[in-house]
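using only what follows, build the 3D model:
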Amino acid sequence: MPNKSKSPNGPQAKEKPYACDVCGSAFSLNFNLARHKRIHTGLKPYACKVCGLTYSRNDDLKLHMRKHTGEKPYSCGVCGLAFSLNSHLNVHMESHTGVKPYPCEVCSAGFSIKNDLKRHMRRHTGEKPFSCEVCGYAFSINSNLKAHMRTHSGVKIYNCEVCSATFARNSQLKLHMRTHTGEKPFCCDVCGCSFSRNDVLKLHMRKHTGEKPYNCEVCSASFSRNSHLKLHVRTHTGEKPYPCGVCGSAFSRNDELILHMHKHTGEKPYLCHVCGTKFSRNSHLKLHMRTHMETKPYSCVECGFECSRNDELKLHMLNHTGEQPYSCHVCSLLFSNNSDLEIHIQTHMIEKAYSCAECGLEFSNSDELKLHLENHLCGLPCAGNSNLEVCSETEVEEKPFSCGLCSSAFSMKTDLEDHVWMHSRTENDSKISES
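Predicted structure coming up:
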């Protein structure tokens with residue numbers, strides 16, 4: 001039986017006959033010793049029915065439940081602010097005294113509580129004594145470690161009263177609530193834009209200051225955001241982590257993949273409110289909107305032609321320069337714009353049912369064959385084509401338009417132009433058949 005003799009300090013002093021065999025701590029009641037031993041064993045028999053967190057003591061569970069119920073029974077008599085723990089109220093009361101007996105020796109900051117000074121000093125020393133046992137991530141404040149541990153457990157004890165969103169940290173809930181209230185307390189002093197988060201305001205300010213602290217190690221490019229730098233680096237590495245599940249095309253950015261998917265789905269989410277035309281990209285809609293505007297900012301220096309889009313002006317300028325930058329990969333025929341090239345490409349894909357009996361060339365329609373047969377006239381038979389007559393049997397008429405490539409002549413200039421085109425066509429088809 002434990003010794004319960006009175007202490008030499010007086011009859012009021014409690015005896016502590018129950019000692020912990022692990023650390024030596026002593027207690028006056030066996031119940032308190034049993035509760036203390038849970039610290040060493042890790043036993044936590046008291047579980048929260050809301051989020052599943054467990055505790056070694058029932059009173060700790062009761063205090064925890066106030067996070068779910070929102071109960072704050074301790075209120076400040078000066079400002080009315082309420083707290084769930086009396087210890088938090090005591091700490092808060094120090095802020096009303098104005099006394100800060102604990103100054104920082106590094107900077108000019110002062111604190112009313114010694115523990116606050118200790119936490120502050122870790123900013124200068126970089127000390128992070130609280131380490132996560134799962135991933136090794138370290139923190140300077142224990143409360144931050146506790147909040148971090150919820151990312152591993154998946155426990156989210158802070159619930160939004162407006163929607164069903166849940167959060168692991170109270171600070172995250174507070175930021176989320178601004179999406180419902182529309183509160184934007186962080187205002188730009190330059191342009192007046194306001195933001196719900198201070199870190200977003202800091203990023204915004206770089207637009208005004210021009211600060212770009214994130215530099216590419218490969219080239220001289222710099223960026224105001226780290227996320228922008230990461231995207232840029234992929235242009236050097238060639239990394240394209242976003243593949244299309246339909247055709248296999250890969251992209252370096254997710255938004256590029258989303259735009260690409262519109263080609264497969266046919267989705268055109270951007271609607272012109274003037275004429276109802278739909279577009280798959282917002283940039284295309286913006287260009288289209290200029291067609292409804294009276295102003296046409298792009299004008300040709302050669303002839304004064306005006307248009308609403310720069311790409312229209314570039315196409316127009318080809319009329320003056322004669323440039324033909326679009327080449328057919330089959331026959332090398334050149335075109336001044338891509339749309340004409342695409343139309344031309346179809347001629348290589350169409351079945352050619354009409355063939356020339358003289359040279360064997362094939363054509364997709366009878367009109368092209370007729371034009372081609374003119375090359376075999378002037379002494380050559382017409383290969384039995386019933387729609388053509390031999391030259392000697394035709395009525396002689398004036399033909400002032402002569403072909404510079406052969407002896408053919410025509411009464412109309414348009415016929416000559418069609419005939420010359422057939423020379424280029426014949427030459428191109430010959431190249432194809434030889435290859």
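
shaky segments in this protein?
1-14, 294, 346-353, 364-365, 375-398, 411-414, 417-435 (pLDDT under 70).

how is it carved up into domains?
What automatic domain parsing lists as the domains of the chain is 158-209, 214-265, 270-321, 351-382+399-434.

out of these, indicate the one that is most buried.
domain 351-382+399-434 (a mean of 15; mean count of other Cβ atoms under 10 Å). To be clear about C-beta, it is placed using only N, CA and C from the backbone, and glycine gets the same treatment.

distance between the ends of stretch 206-219?
Start-to-end span of stretch 206-219 (Cα to Cα, to the nearest Å) is 21 Å.

and that stretch, how far out from the chain's middle?
Distance of stretch 206-219 from its chain centroid, counting by Cα atoms, centre = their mean, to the nearest Å, is 19 Å.

contacts for that stretch, please.
Residues outside stretch 206-219 that contact it (Cβ atoms under 8 Å, 6 or more residues apart in numbering) are 188, 190-191, 205, 221-226, 228-229, 232-233, 236.

and the helices in this structure?
In the chain, the helices defined using DSSP state H lie at 30-41, 58-69, 86-97, 114-125, 142-153, 170-181, 198-209, 226-237, 254-265, 282-289, 310-321, 338-349, 366-373, 413-434.

okay, these in JSON lines with distance to residue 399 next?
Below are the helices of the chain laid out as JSON lines (distance: least, Cβ to Cβ, whole Å):
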{"stretch": "helix 30-41", "distance to residue 399": "113"}
{"stretch": "helix 58-69", "distance to residue 399": "100"}
{"stretch": "helix 86-97", "distance to residue 399": "106"}
{"stretch": "helix 114-125", "distance to residue 399": "96"}
{"stretch": "helix 142-153", "distance to residue 399": "88"}
{"stretch": "helix 170-181", "distance to residue 399": "81"}
{"stretch": "helix 198-209", "distance to residue 399": "71"}
{"stretch": "helix 226-237", "distance to residue 399": "61"}
{"stretch": "helix 254-265", "distance to residue 399": "52"}
{"stretch": "helix 282-289", "distance to residue 399": "49"}
{"stretch": "helix 310-321", "distance to residue 399": "31"}
{"stretch": "helix 338-349", "distance to residue 399": "29"}
{"stretch": "helix 366-373", "distance to residue 399": "16"}
{"stretch": "helix 413-434", "distance to residue 399": "9"}
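
for residue 355, which of those is the nearest?
helix 366-373 (7.8 Å; Cβ to Cβ).

and the gap between the closest residue in space to residue 64 that isn't next to it in sequence and residue 16?
Nearest non-adjacent residue to residue 64, counting by Cβ to Cβ, 6 or more residues apart in numbering: residue 48, 6.0 Å away. As judged by Cβ to Cβ, to the nearest Å, residue 48 and residue 16 stand 32 Å apart.

and stretch 34-42, how far out from the chain's middle?
Distance, centroid of stretch 34-42 to centroid of chain: 50 Å (Cα atoms, centre = their mean).

cool, stretch 15-29 as well?
Between the centre of stretch 15-29 and the centre of its chain there are 60 Å (Cα atoms, centre = their mean).

just the CA atoms of that stretch, as PDB, please.
What follows is stretch 15-29 as a C-alpha-only set of coordinates in PDB (Å, rounded to 0.1, in the frame of the first residue of the first chain):
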ATOM      1  CA  GLU A  15       1.200  13.500  -1.500                       C
ATOM      2  CA  LYS A  16       2.100  11.900  -4.900                       C
ATOM      3  CA  PRO A  17       2.600   8.300  -4.200                       C
ATOM      4  CA  TYR A  18       1.900   7.100  -7.700                       C
ATOM      5  CA  ALA A  19       5.000   7.300  -9.800                       C
ATOM      6  CA  CYS A  20       5.400   6.600 -13.600                       C
ATOM      7  CA  ASP A  21       8.000   3.800 -14.100                       C
ATOM      8  CA  VAL A  22       9.000   5.300 -17.500                       C
ATOM      9  CA  CYS A  23       9.700   9.000 -16.800                       C
ATOM     10  CA  GLY A  24       9.400   9.200 -13.000                       C
ATOM     11  CA  SER A  25       6.500  11.700 -13.000                       C
ATOM     12  CA  ALA A  26       4.400  11.300  -9.800                       C
ATOM     13  CA  PHE A  27       0.700  11.700  -9.200                       C
ATOM     14  CA  SER A  28      -1.700  11.900  -6.200                       C
ATOM     15  CA  LEU A  29      -4.300   9.700  -7.800                       C
END
